[in-house]
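A.B. asks: I need the structure of the sequence given here:
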Amino acid sequence: MKKIVAAWIEQILEFDSLEESNCYARDLINKGKKFAVIDTDESLPDGHVRVRLRKQYNNNNFPGREET
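C.D. replies: This is a model prediction of the structure:
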């Protein structure tokens, strides 16, 4: 029998600004989603901010350090 021990979704997102990125993170916190920011790149040539993150999937256990 298989058992899911931990699961998450990894995403790379681009935002128009750091403020928009922070707003997205606050929304995740308010919704009770566990997540971890892996990397943030604020030096894109077009002024956008790229964020790589992992977030909880379907209320499965989320391993390691989390933001919430």
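A.B. asks: Quick one: residues contacting the residue nearest to the spatial centre of the chain.
C.D. replies: Centroid-nearest residue in the chain: residue 53, 3.4 Å away (criterion: C-alpha atoms, centre = their mean). Contacts for residue 53 (C-beta atoms under 8 Å, 6 or more residues apart in numbering) come out as 10-11, 13, 35-38. No exception for glycine: its C-beta is placed from N, CA and C like everyone else's.
A.B. asks: got TSV for the residues you listed, with neighbour count, distance to residue 46 and secondary structure too?
C.D. replies: Output for the contacts of residue 53, formatted as TSV (neighbours: other C-beta atoms under 10 Å; distance: C-beta to C-beta, whole Å; DSSP: H, G, I helix; E, B strand; the rest coil):
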residue	neighbour count	distance to residue 46	secondary structure
10	11	23	strand
11	12	19	strand
13	13	15	strand
35	20	25	strand
36	18	26	strand
37	15	21	strand
38	12	22	strand
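A.B. asks: Format these as CSV; extra columns: pLDDT and distance to residue 29.
C.D. replies: Putting the contacts of residue 53 into CSV (pLDDT from 0 to 100; distance: C-beta to C-beta, whole Å) gives the following:
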residue, pLDDT, distance to residue 29
10, 96, 18
11, 96, 16
13, 97, 16
35, 94, 8
36, 94, 12
37, 94, 12
38, 94, 17
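A.B. asks: Just say helix, strand or coil for the residue nearest to the centre of the chain.
C.D. replies: Assigned state for residue 53: strand (three-state reduction, DSSP: H, G, I helix; E, B strand; the rest coil).
A.B. asks: okay, now residue 17: neighbour count?
C.D. replies: Neighbours of residue 17 under the rule other C-beta atoms under 10 Å: 12.
A.B. asks: I misspoke; the intended subject was residue 4.
C.D. replies: By the measure other C-beta under 10 Å, the count of residues near residue 4 is 9.
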